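S.K.: sequence unavailable; structure follows:
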C-alpha cells in the first residue's frame, strides 16, 4: 500500500489557490460593476472600474474554458 | 452484438438502471446550490445538468479499462458477479436517496463489487491496500479539501464584496454559479457514464460477446449516456434538498464559492492523480461555505447522518451484493430470485418515498421537517441494508414478510418522532453496524 501524499498535497494546494483566486477575481469584477453602476446613477462614469471588471470576468471565463479543456482532453 | 444471452441482457439492463440511479443521485452535486439560491429554477437546472451529462458521456476519448480501479481482481470475474455487485449498489443508492442523503455512487459500486467478489472467490479477490488508497483516504480528504477552499473563498468574497446585495451583484453570482455547476455536470457525465460503459463492456467481454480489450460499441455509449441523463433530469430532489437547504442556508455568494470550490477540486483531483469523490467534495464545499459566512451555521445533525451514510456505503453495498451473489451462485433460479428481489426492493423504496414526496415544487421550501420524519421512520425500521441482505439469505420466499414488516413499522416510528428529538436518529444507524 503506497499512499501518494505528494499528489494529495498538490490537489489540496491547487484546489485552495485556484478556488480562492477565482472567487476573489469574480467578486472584484462584481464589485467593479456595481461601483460603475453607482457612478452612472450619479451622472458620472467609472471607466476604469468597468474595464477592470470585464478583465476579471474574462479571466474567469478563461478558467472555465480551461476546465472544459481538461474534461475533454 | 451477435449473440447475447439472457443473463448478459439482464446484466446490461441492470447496469443501465445503476447508471440511472447514479444520475438522479448525483444531480444534487451540480445543482443543489444553484437551485437553493434561486440561480436557476429547479426544472431548468436539472434539464441543463441532464444535457451536460449527456454531452459529457460522448466527450471522453479514454475508455474506462477497469471498473474498480484495481480494487478487485477482475481477471476471472463472471457476469453473475457483476450482476450481484450492481444489485447491491442500486439498492444502496435508492435507500440513501429515500433518506435524502448524498453518498458516493462510485463507493456503492466499489462496495458491491467487493462484496460480490469476496462471496464468489474469497478474500483473495480483493486488494485491501487499494481500498485504503482509493476509497478511505479520498473519503476523508475530499470534504476537507473542498470545505477549506470554500470556507476561505466565502470569507474572501464577503470581505471584498461586502454583504450588501443589489440586483446586479446577485445576477453576477447567479451567472458564476451556473458556470461552475455546468462544469461539475459535464465532468460527472464524462466520469460516471464512462463507469457504466466500463461495466457493460466488461460484462460483454466476460460473456464472450466482445474481444478482450475492445472499446465499447456505440449502442453502449448511447444507452449509458441516455440513462444517466434521464436519471439526472428526473432529479434526486430529496438529496438536492438536503444539500441545498438541509446542511446550511446558502446565499448566492456562498453558493458561488461552494460550487466553484467543488468544480475546482473535482477537476484538480482527477488531473493530478488523486481522484476524490464528487459527492463528498460537493457536500464538503457546501459545509465550508456555510461556515464561511458570519452567522452562518452547519446543521451538524444532518451532516452527521450524512457522514454515517458515507461510512456505511461500502460495507452495506458489499453486504447486499454478497447476499445477491450467494443466491446467483445457486443457479438460474437464484439469478431470477435476485432480479425479483431487486424489483421488489426498488418498488418498496419508491412506495415509501411517495408518503413524503419531494419534487421540483417543494424542493426549496423552508420546511425541512417532513424529510426528517421520513428519515427517522426509516432509521427506526432499520437496519435497512441488513434487512435487505437477510431476505436473500433466507431465500426468495421471505420477501413478502420482509416487505410487510416494513410497512406497519413505519407509522409507529412516525408517532415516536413527535416525542423524540429528531437528532436522536443520527446515532441509530451507526449502532446497528
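M.R.: Cool, got the structure. The structure displayed is predicted, hence computed values, not measured ones. Residues are numbered from 1 along each chain as shown, chains lettered A, B, ... in the order given.
S.K.: where does the stretch 301-433 of chain B get nearest to chain A, residue-wise?
M.R.: The nearest approach of the stretch 301-433 of chain B to chain A comes at residue B:314, 16.7 Å away (C-beta to the nearest C-beta). C-beta here means a position set from N, CA and C on the backbone, and glycine is covered the same way.
S.K.: what's near enough to touch that residue?
M.R.: By C-beta atoms under 8 Å, 6 or more residues apart in numbering or on different chains, the residues touching residue B:314 are B:107, B:108, B:110, B:111, B:114, B:131, B:135.
S.K.: now do residue B:158
M.R.: B:253, B:292, B:293, B:294.
S.K.: which non-adjacent residue is nearest the last one?
M.R.: Just to be clear, that refers to residue B:294. Excluding its sequence neighbours, the residue lying closest to residue B:294 (C-beta to C-beta, 6 or more residues apart in numbering or on different chains) is residue B:158, at 7.2 Å.
S.K.: right, and the helix or strand after the strand or helix carrying that neighbour?
M.R.: If you go by DSSP states H and E, residue B:158 is part of helix B:137-161. Using DSSP H and E, the helix or strand that follows helix B:137-161 in sequence is helix B:167-206.
S.K.: what helix or strand does the residue lying closest to residue B:152 once chain neighbours are set aside sit in?
M.R.: Spatial nearest neighbour of residue B:152, excluding adjacent residues (C-beta to C-beta, 6+ apart): residue A:20 at 5.3 Å. For residue A:20, the host element (DSSP H and E) is helix A:5-41.
S.K.: just want the angle from the next helix or strand along the chain from that helix to helix A:5-41.
M.R.: The first helix or strand that comes after helix A:5-41 along the chain, using DSSP H and E, is helix A:47-72. Put simply, helix A:47-72 runs at 150 degrees to helix A:5-41, going by axes from the mean of the first three to the mean of the last three C-alpha atoms, to 10 degrees.
S.K.: how far off centre is helix A:47-72?
M.R.: Here helix A:47-72 is found 6 Å from its chain centre; the criterion is C-alpha atoms, centre = their mean, to the nearest Å.
S.K.: can you spell out which helices and strands pack onto that helix?
M.R.: Other elements packing on helix A:47-72 under the criterion 3 or more C-beta pairs under 8 Å, 6 or more residues apart in numbering or on different chains; DSSP states H and E are helix A:5-41, helix B:42-59, helix B:167-206, helix B:252-271.
S.K.: quick one: buried residues of that helix?
M.R.: For helix A:47-72, burial by neighbour count (16 or more other C-beta atoms under 10 Å in any protein chain shown) applies to A:49, A:50, A:52, A:53, A:56, A:57, A:60, A:63, A:64, A:67, A:71.
S.K.: next: stretch B:206-224.
M.R.: B:206, B:207, B:209, B:210, B:216, B:217, B:220, B:221, B:223, B:224.
S.K.: grab the two from the contacts of residue B:314 that are most spread out in space.
M.R.: Within the contacts of residue B:314, B:108 and B:131 form the most distant pair, 14.0 Å apart (C-beta to C-beta).
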